[in-house]
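> Here's a sequence, model it:
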Amino acid sequence: MAKERLYIYDTTLRDGQQTQGVQFSTAEKAQIAATLDGLGVDYVEGGWPGANPTDSEFFETKPQMKATFAAFGMTKRAGMSAENDDVLAAVINADTPAVCLVGKTHDFHVTTALGITLEENIENISRSVAYLVTQGREALFDAEHFFDGYKANPGYAVEAVMAAYDAGARWVVLCDTNGGTLPNEIGEITRAVIAAGIPGDRLGIHTHNDTENAVAGSLAGIDAGARQVQGTLNGLGERCGNANLTTLIPTLLLKEPYASAFEIGVEVQALSGLTQASRLLDDILNRVPMRQAPYVGASAFAHKAGLHASAILKDPSTYEHIEPGVVGNARVIPMSNQAGQSNLRRRLSEAGLSVEKGNPALGRILDVIKAREAVGYSYDTAQASFELLARGELGLHATYFEVERYRVISERRRNARGHLVVESEAVVTVQLPSGDKTTSYFKNEHSDEMSDDGPVNALWQALKHDLGPYQQLIGDVRLVDFKVRITNGGTEAVTRVIIDFEDDDGHRWATVGVSANIVDASFEALLEALNWKLMRDGAARAV
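Here you go, the predicted model:
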């Protein structure tokens, strides 16, 4: 049986930009658009021309892509023609192949928010869509608040979307704008719209995640007959976000009945770039990726319990619903006090260490991990620290240098101009394999600001300033994330610090430090990061 065509419409650059704290530059929009096009989505909505300088500049540059480029705007205002509405003109003048116009379909919003009659609103929809068609554009109509409007006044909601359809809209998109409609309602109402006269291959579905049902609601709309689905990368969007395309796309390609029933623009081979696309967006936004994200999260294929890891060693399908590599992700066997020897041997194997079953060192490693986690350490995510610990128990630990002492000072004062400034400085003394000692000094200086890169940065810069024969190996190491957790409260508080690192080759690793002193915990993690980097890159051991 031939598959039906299902179209993916991405609105990351417009609706995703409604996320609190998110504002893309023109260059970032171009980078995201290229990534989406590489995946194979059918439509990329670039934003609202004329709404802000960034969107206007982006449409002026017109990125070249296989996907259909769409501009977003609103229907004409009451009391003027479509040809003379300057807001509508800005969208038309963007000269995109497709234009998506938003219009009201909930009678309450028409009379209260717009302050016009229900008949005037129908006319605005009809004339605006018809004008797009006369201009040779593929017309889409986003039926704002449609599901709430249908529940309040089904006759008027259907009349509004029929006006867009009759005027020539290629797609009429049913929007759950407030995100409160549950999947079963979305399915029932979508079927009712099809029964009223709009065929499914002209209907789209646009959901929000306010009840954490955006993906489920989208699938319900597809099940009911809608053949376009809208969403965003990583579920970006206003309030709780939009339907997450990094979840929807692999579900449609890999899960039944969708895999057998539908063809989408994204090919299975392209899924191998999905995790990278997701993390690229987080990098652009300078935020930490959600570890528990389906398909693309760092923990999506992590197996902590010993029983699980043992089964995974025999057949990964026992605890994995897909092969991680299909979506560009990887299997992780983290170490923790719940780990058994199956986890341990698998993790050691991934680190290039082959240890036979029954080796006494395995029991020692597990005992050390459990003892250290009891006082605050965590090796779930700090895989580099785990590897150093394991190598120590296996007699494979390498000592590259010794830190004799460090000192760090932070000072808040007024400068000569009377302005408050904060400065941190650090001194680190290191003994090298040759027996020579180096003392490095670093100071964060901000001459006229009450800002500071902090004591940990000062220590980091001083520590890696002069490591003699190892300097060339550690010059490209940089911190990319810093996480602090207080594991006990009150006067016995213990601080756990986990730091993520990266180098120019794209390798990433994490280390952990624990101390009652946050700076000392951080310094332990910094030391382990450099030791792991030197070990991995094959530095000569100290004698």
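> Who are the packing partners of the one helix or strand residue 524 maps to?
Here residue 524, judged by DSSP states H and E, is contained in helix 518-536. Applying 3 or more Cβ pairs under 8 Å, 6 or more residues apart in numbering; DSSP states H and E, one finds that helix 518-536 makes contact with helix 383-393, strand 402-414, helix 455-463, helix 471-474, strand 495-502, strand 508-515. To be clear about C-beta, it is placed using only N, CA and C from the backbone, and glycine gets the same treatment.
> Give me the angle between it and helix 383-393.
If you take axes from the mean of the first three to the mean of the last three Cα atoms, to 10 degrees, helix 518-536 sits at 70 degrees to helix 383-393.
> what's the offset of helix 518-536 from the middle of its chain?
From the chain centre to the centre of helix 518-536 is a distance of 27 Å (Cα atoms, centre = their mean, to the nearest Å).
> can you map out the helices along the stretch 301-450 of the chain?
306-314, 341-350, 360-374, 383-393 (DSSP state H, counting those that start in this stretch).
> would CSV of those with distance to residue 460 and mean pLDDT be doable?
Listed next are the helices of the stretch 301-450 of the chain as CSV, based on distance: least, Cβ to Cβ, whole Å; pLDDT from 0 to 100:
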stretch, distance to residue 460, mean pLDDT
helix 306-314, 34, 57
helix 341-350, 27, 77
helix 360-374, 23, 88
helix 383-393, 16, 91
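> who wins for proximity to residue 289 among those helices?
Nearest to residue 289 among these is helix 383-393; the distance by Cβ to Cβ comes to 16.0 Å.
> then the closest one to CSV, C-alphas only?
Taking C-alpha atoms only, helix 383-393 is exported to CSV below (Å, rounded to 0.1, in the frame of the first residue of the first chain):
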residue,chain,number,x,y,z
GLN,A,383,33.0,9.6,33.3
ALA,A,384,36.6,10.9,33.2
SER,A,385,36.9,10.9,37.0
PHE,A,386,35.5,7.4,37.0
GLU,A,387,38.2,6.2,34.5
LEU,A,388,41.0,7.8,36.5
LEU,A,389,39.7,6.1,39.7
ALA,A,390,39.5,2.7,37.9
ARG,A,391,43.0,3.0,36.4
GLY,A,392,44.3,3.7,39.9
GLU,A,393,42.8,0.4,41.2
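> And the average pLDDT for stretch 420-438 is what?
For stretch 420-438, the mean pLDDT works out to 91.
> which parts of it are buried?
421, 422, 423, 424, 425, 426, 427, 428, 430, 432, 433 (16 or more other Cβ atoms under 10 Å).
> still on that earlier bit, please convert the helices and strands packed on helix 518-536 to a markdown table, extending it with distance to residue 231 and mean neighbour count.
Formatted as a markdown table, these follow (distance: least, Cβ to Cβ, whole Å; neighbours: other Cβ atoms under 10 Å):
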| stretch | distance to residue 231 | mean neighbour count |
| --- | --- | --- |
| helix 383-393 | 32 | 22 |
| strand 402-414 | 45 | 12 |
| helix 455-463 | 38 | 22 |
| helix 471-474 | 42 | 14 |
| strand 495-502 | 28 | 22 |
| strand 508-515 | 28 | 22 |
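> Could I get the ones you listed in CSV, plus columns for distance to residue 137?
Listed next are the helices and strands packed on helix 518-536 as CSV, based on distance: least, Cβ to Cβ, whole Å:
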stretch, distance to residue 137
helix 383-393, 51
strand 402-414, 59
helix 455-463, 52
helix 471-474, 56
strand 495-502, 44
strand 508-515, 44
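> just to revisit the earlier point, among the buried residues of stretch 420-438, which are located in strands?
Applying DSSP state E to these, the entries found in strands are 421, 422, 423, 424, 425, 426, 427, 428, 430.
> Next, count neighbours for the residue nearest to the first one when sequence neighbours are not counted.
Put plainly, it is residue 421. The shortest distance from residue 421 to any non-neighbouring residue, by Cβ to Cβ, 6 or more residues apart in numbering, is to residue 415 (5.0 Å). Residue 415 is flanked by 13 other residues according to other Cβ atoms under 10 Å.
> Poorly predicted segments of the chain, please.
Counting by pLDDT under 70, the chain has low-confidence residues at 304-315, 333-340, 342, 445-452, 488-492, 540-543.
> residue with max distance from the center of it?
Relative to the centre of the chain, the most outlying C-alpha is that of residue 435, 46.8 Å out, by Cα atoms, centre = their mean.
> Let's have the helices of the stretch 301-450 of the chain in CSV, adding distance to residue 294.
CSV is the format used below for the helices of the stretch 301-450 of the chain (distance: least, Cβ to Cβ, whole Å):
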stretch, distance to residue 294
helix 306-314, 18
helix 341-350, 23
helix 360-374, 28
helix 383-393, 22
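> Tell me which of those is the most buried.
Mean neighbour count, computed with mean count of other Cβ atoms under 10 Å, is highest for helix 383-393 among these, reaching a mean of 22.
> what does it rub up against?
Here helix 383-393 makes contact (Cβ atoms under 8 Å, 6 or more residues apart in numbering) with 332, 334-335, 344, 347-348, 351, 353, 361, 364-365, 368-369, 372, 377, 379, 397-398, 501, 509-512, 525, 528-529, 531-532, 535.
> tilt between that helix and helix 341-350?
Using the same axes, to 10 degrees: helix 383-393 against helix 341-350 is 100 degrees.
> now helix 383-393, how far from the chain's geometric center?
The chain centre lies 29 Å from the centre of helix 383-393; the measure is Cα atoms, centre = their mean.
> Over to stretch 24-32?
Counting by Cα atoms, centre = their mean, stretch 24-32 comes out at 15 Å from the chain centroid.
> Would you indicate which residues of it are buried?
For stretch 24-32, by 16+ other Cβ under 10 Å, it's 24, 26, 28, 29, 30, 31, 32.
> closest to residue 407 among these?
residue 28 (40.8 Å).
> Residue 240 and residue 178, how far apart?
From residue 240 across to residue 178, the span is 10 Å (Cβ to Cβ, to the nearest Å).
> got any residues that touch both of those two?
With Cβ under 8 Å, 6+ apart, residue 240 and residue 178 have common neighbours 208, 210.
> what does the helix holding residue 524 contact?
Contact partners of helix 518-536, identified using Cβ under 8 Å, 6+ apart, comprise 382, 384-385, 387-388, 391, 398, 400, 403, 406, 408, 455-456, 459-460, 463-464, 467, 470, 473-474, 477, 482, 484, 495-499, 501, 503, 507, 509, 511-515.
> Check stretch 466-476 too.
Contacts of stretch 466-476 (Cβ under 8 Å, 6+ apart): 400-401, 430, 432-434, 436, 438, 440, 464, 503-505, 530, 533-534, 537, 539-540.
> I'm done for today, thanks for sticking with me.
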